[in-house]
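Novice: Below is the sequence, then the predicted model.
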Amino acid sequence: TPRQLCDLELLLNGGFSPLTGFMTSADHGSVCADMRLADGTLWPIPITLDVPEATAEKLSTGGTLALRDDEGVMLAVLHAEDIWRPDREAEAQAVFGTTNREHPGVGQLLDRTEPVYVGGRLEGLQPVSHYDYKELRHTPTELRAAFTKLGWTKVVAFQTRNPMHRAHQELTLRAAKEVEANLLIHPVVGMTKPGDVDHYTRVRCYQALLPRYPQKTAMLSLLPLAMRMGGPREAVWHAIIRKNHGCTHLVVGRDHAGPGSDSNGNAFYGPYDAQELLSKHEAELGVTMVPFKLMVFVEETDSYTPIDEVPEGKRTLNRPGTELRARLAQGKEVPSWFTFPTVAEELARSHPPRHEQGFTLLFTGLSGSGKSTLIRCINRLEEHQEGDIEVTGVKLDENLKNVDKVRSEVGMVFQSFNLFPHLTVLQNCALSPI
């Protein structure tokens, strides 16, 4: 699955060190209960391989399991040391502090996770393939080498799953200055919270923001992590991962890695629970937390300031992400006090207002059922025998101007590839040239 691919990549490249494979029941139980592996090493999040019953029935301890990507490429071999059926309700309560399925991590665990876990050592065959932003994807070894080459001895990491705006830039500048460190912008480009801005858009926003930092003080690198939205435990996990990538500090803000609130408005975690838990383990981890509170815009000074440092009587502004998405959907301008024009341009380019958006129709059916004929009729490449065809108010008839107008707005692609029988319809569509 996409989540398992993210975990596999970080297991193989050392991002999840000291783990060398998917957890056995002993490690899994210990992590759930005490945030530690069976040998006592601090580790807060279960890293497990869930498989269907049918797969588990064919596997026994001491056997091997081939792990492939969605195109069937074999990436690794799992040497099965343990096969068991976990209590996922208990896991959800221990790790996330709730069994409420509105929590995205809980929903994934209880509703979209297979019933059997397989644990054991991994034998890597080849890395997970990526075709986007290759120059920004670094393994922990590559990133540590880059820091050494740059002469960076102290590096503060900034974890994010959202586009960065003026408040984030001010926060990261302050964090780096406070600890006299260089800055690693380390966004998650694996699985994040449902409804988040896609990583392609976010990366372009980060690239647009990067020139606003002093030269040679900041670097951008992408992290293929599948977030669990686990709040306090996830903050500790993020610190371990950043240490493996060569960072000495981690910025932890308000509600770090939290999923927000449930449908009744009750927050899953307190705003600073993550900071409190990580502070208890800083010394053991060897990673220093740089805590920050909510940043707000102070009109009088035209700058962002932590909310607890705003002088009394000063008027402040803050714009939630939901309002930003609403403005983009309506084609409204994003104010300059909130974000930089170059970032706003990237967001608007990827999220045009609804009235400017197009859509794709996918026709499926048996051979000879009329799929291609219908597409050809819409483009007036073939005459229809009965009725009328109207496209966005334009009737397709003998008027060549109408035909040209429709053809300029309606593209068509016919099937030009073989279907993969081991993939779903949706996966086949994603691989098609549509």
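Specialist: Great, that's in hand.
Novice: can you pull out the helices in the stretch 101-250 of the chain?
Specialist: Ranges of helices in the stretch 101-250 of the chain, per DSSP state H, counting those that start in this stretch, are 104-111, 140-150, 166-179, 199-209, 231-244.
Novice: Among those, show me which one is buried the most.
Specialist: Stretch with highest mean neighbour count among these: helix 231-244 (a mean of 25; mean count of other CB atoms under 10 Å). (Each C-beta comes from the backbone N, C-alpha and C, glycine too.)
Novice: Please name whichever of the helices of the stretch 101-250 of the chain is nearest to residue 34.
Specialist: Taking CB to CB, helix 231-244 is the member of the helices of the stretch 101-250 of the chain nearest to residue 34, at 11.5 Å.
Novice: Check the offset of the closest one from the chain's centre.
Specialist: Distance of helix 231-244 from its chain centroid, counting by CA atoms, centre = their mean, to the nearest Å, is 15 Å.
Novice: Check stretch 183-200 too.
Specialist: 4 Å.
Novice: Could you give me the buried positions within it?
Specialist: Judged by neighbour count (16 or more other CB atoms under 10 Å), stretch 183-200 contains these buried residues: 183-193, 196-197, 199.
Novice: First-to-last residue distance for that stretch?
Specialist: 21 Å (CA to CA, to the nearest Å).
Novice: if we can go back for a sec, include pLDDT and distance to residue 246 when you put the buried residues of stretch 183-200 into CSV, please.
Specialist: Shown next, in CSV, are these (pLDDT from 0 to 100; distance: CB to CB, whole Å):
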residue, pLDDT, distance to residue 246
183, 98, 13
184, 98, 8
185, 98, 14
186, 98, 11
187, 98, 17
188, 97, 17
189, 96, 18
190, 94, 19
191, 92, 24
192, 92, 23
193, 89, 27
196, 87, 26
197, 88, 27
199, 94, 22
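Novice: of these, closest to residue 364?
Specialist: residue 191 (27.3 Å).
Novice: what's the distance between the closest one and residue 6?
Specialist: Here residue 191 is placed at a distance of 6 Å from residue 6 (CB to CB, to the nearest Å).
Novice: Overlap in contacts, the two.
Specialist: Residues touching both residue 191 and residue 6 (CB atoms under 8 Å, 6 or more residues apart in numbering): 225, 226.
Novice: For the stretch 51-200 of the chain, just list every one of the strands.
Specialist: 64-68, 74-84, 116-124, 155-160, 182-187 (DSSP state E, counting those that start in this stretch).
Novice: Just name the shakiest helix or strand of the chain by mean pLDDT.
Specialist: helix 425-431 (a mean of 66; mean pLDDT, DSSP states H and E).
Novice: tell me the contacts of residue 228?
Specialist: 45, 95, 96, 105, 108, 234, 257.
Novice: between the residues you listed, which is nearest residue 308?
Specialist: Among those, and counting by CB to CB, the member closest to residue 308 is residue 257, at 21.4 Å.
Novice: and the nearest residue to the closest one once chain neighbours are set aside, what is it in contact with?
Specialist: Leaving aside its sequence neighbours, residue 257 sits nearest to residue 234 (CB to CB, 6 or more residues apart in numbering; 3.8 Å). By CB under 8 Å, 6+ apart, the contact set of residue 234 is 44, 45, 227, 228, 256, 257, 274.
Novice: buried sites along stretch 398-414?
Specialist: Going by neighbour count (16+ other CB under 10 Å), the buried part of stretch 398-414 is 402, 403, 406, 407.
Novice: hmm, I was thinking of stretch 110-129
Specialist: Those would be 110, 113, 114, 116, 117, 118, 119, 120, 122, 124, 128, for stretch 110-129 by 16+ other CB under 10 Å.
Novice: ok now it, how far from the chain's centre?
Specialist: In terms of CA atoms, centre = their mean, the centre of stretch 110-129 is found 18 Å from the chain centre.
Novice: got the end-to-end distance for it?
Specialist: Stretch 110-129 has an end-to-end distance of 29 Å (criterion: CA to CA).
Novice: so which pair among the buried residues of stretch 110-129 is furthest apart in space?
Specialist: Greatest spatial distance in the buried residues of stretch 110-129: 110 and 124, 30.4 Å, computed using CB to CB.
Novice: Just flag the most distant two among the contacts of residue 228.
Specialist: 108 and 257 (14.4 Å).
Novice: Pick out whichever of the buried residues of stretch 398-414 sits closest to residue 141.
Specialist: Lowest distance from residue 141 to the buried residues of stretch 398-414 (CB to CB) belongs to residue 407, with 52.2 Å.
Novice: Secondary structure of that closest one: a strand, I assume?
Specialist: No: counting by DSSP: H, G, I helix; E, B strand; the rest coil, residue 407 falls outside a strand, being helix.
Novice: ok, so what distance separates it from residue 370?
Specialist: Remark: distance between residue 407 and residue 370 (CB to CB) = 20 Å.
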